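K.L.:
following is a predicted model, sequence given first.
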Amino acid sequence: GENVEQHPSTLSVQEGDSAVIKCTYSDSASNYFPWYKQELGKGPQLIIDIRSNVGEKKDQRIAVTLNKTAKHFSLHITETQPEDSAVYFCAAEGGGADGLTFGKGTHLIIQP
Amino acid sequence: DTEVTQTPKHLVMGMTNKKSLKCEQHMGHRAMYWYKQKAKKPPELMFVYSYEKLSINESVPSRFSPECPNSSLLNLHLHALQPEDSALYLCASSQALMAGSYEQYFGPGTRLTVT
């Protein structure tokens, strides 16, 4: 089955700086890669996603890049704000329509 | 609207109790999911329903029994749970079950404590 590795587990950045979270996946048949933001006491919120026929996607301050050859995808957040503090999960959907496999999560801390 | 609702928000139950968790969506989605999330861990897939039929069961113990009465509702019946089953139970839905095609939207979860 699919295996997703996510790094770092904790990331602390100054407000206004950029944050980058990286994930790798194992199943070359995977073709959908969402990113979720989870705040304390809430369910995961889909913030951006990318499909394997696209190399990069951007939505305001957040962007995701995908390198299919290296089986690697990353989340980039620019001009970080206090409300960006949360746990971020990457995920991959395997080629067999068997649901999402999540990375272990990154706790992003925005320092004022 | 991408809202998935779950009730109750919190549930405390004894090991001999029977209870149910409920999930509802009105987005016309035909795939619905149950995930279990322990503290500081990612969500783990439990069950997937596609067009009201059980499509995936990730070797979940029989003390968890899912039910999909119609395309908008998903239940999780709980019986004879163990303290290690205490977790956040998340429901999600997507337009259909097809690899890489559709976004999954999560509800807020039910925080379950088994005493």
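P.N.:
That came through fine. Numbers count the residues shown, from 1 in each chain, chains lettered A, B, ... in the order given.

K.L.:
ok, stretch B:67-83 near chain A or not?
P.N.:
No - judged by C-beta under 8 Å from any C-beta of the partner chain, stretch B:67-83 stays clear of chain A, getting no closer than 14.2 Å. To be clear about C-beta, it is placed using only N, CA and C from the backbone, and glycine gets the same treatment.

K.L.:
now that stretch, how far from the chain's geometric center?
P.N.:
Per C-alpha atoms, centre = their mean, to the nearest Å, the displacement of stretch B:67-83 from the mean C-alpha position of its chain is 7 Å.

K.L.:
lowest confidence element among the helices and strands of chain B?
P.N.:
strand B:53-57 (a mean of 91; mean pLDDT, DSSP states H and E).

K.L.:
toward the C-terminus from it, list the very next helix or strand.
P.N.:
Going down the chain from strand B:53-57, the next helix or strand is strand B:64-70, by DSSP states H and E.

K.L.:
go ahead and flag the most central residue of chain B.
P.N.:
Nearest residue to the geometric centre of chain B (C-alpha atoms, centre = their mean): B:Trp34, 2.8 Å.

K.L.:
in the sheet, who's paired with that residue?
P.N.:
B:Phe47, B:Cys91 (DSSP bridges).

K.L.:
give me every residue that touches it.
P.N.:
By C-beta atoms under 8 Å, 6 or more residues apart in numbering or on different chains, the contact list for B:Trp34 reads B:23, B:45-47, B:66, B:74, B:76, B:89-91.

K.L.:
please repeat the previous calculation with a cut-off of 7 Å.
P.N.:
B:46-47, B:66, B:76, B:89, B:91 (C-beta atoms under 7 Å, 6 or more residues apart in numbering or on different chains).

K.L.:
now swap in A:Asp84 and tell me
P.N.:
A:Asp84 touches A:77, A:108, A:110, counting by C-beta under 7 Å, 6+ apart.

K.L.:
so the closest residue to the second one other than its chain neighbours, which of the three states?
P.N.:
Think A:Leu108. Nearest residue to A:Leu108, sequence neighbours excluded (C-beta to C-beta, 6 or more residues apart in numbering or on different chains): A:Leu11, at 5.1 Å. Following DSSP: H, G, I helix; E, B strand; the rest coil, A:Leu11 is assigned to strand.

K.L.:
doesn't A:Val20 make contact with A:Leu11?
P.N.:
No - under the criterion of C-beta atoms under 7 Å, A:Leu11 is not in contact with A:Val20, lying 8.2 Å apart.

K.L.:
any idea which element the residue nearest to A:Pro44 when sequence neighbours are not counted lies in?
P.N.:
Beyond its immediate neighbours in the sequence, the residue positioned closest to A:Pro44 (C-beta to C-beta, 6+ apart) is A:Tyr36, lying 3.7 Å away. Using DSSP H and E, A:Tyr36 falls within strand A:32-38.

K.L.:
cool, thanks, talk later.
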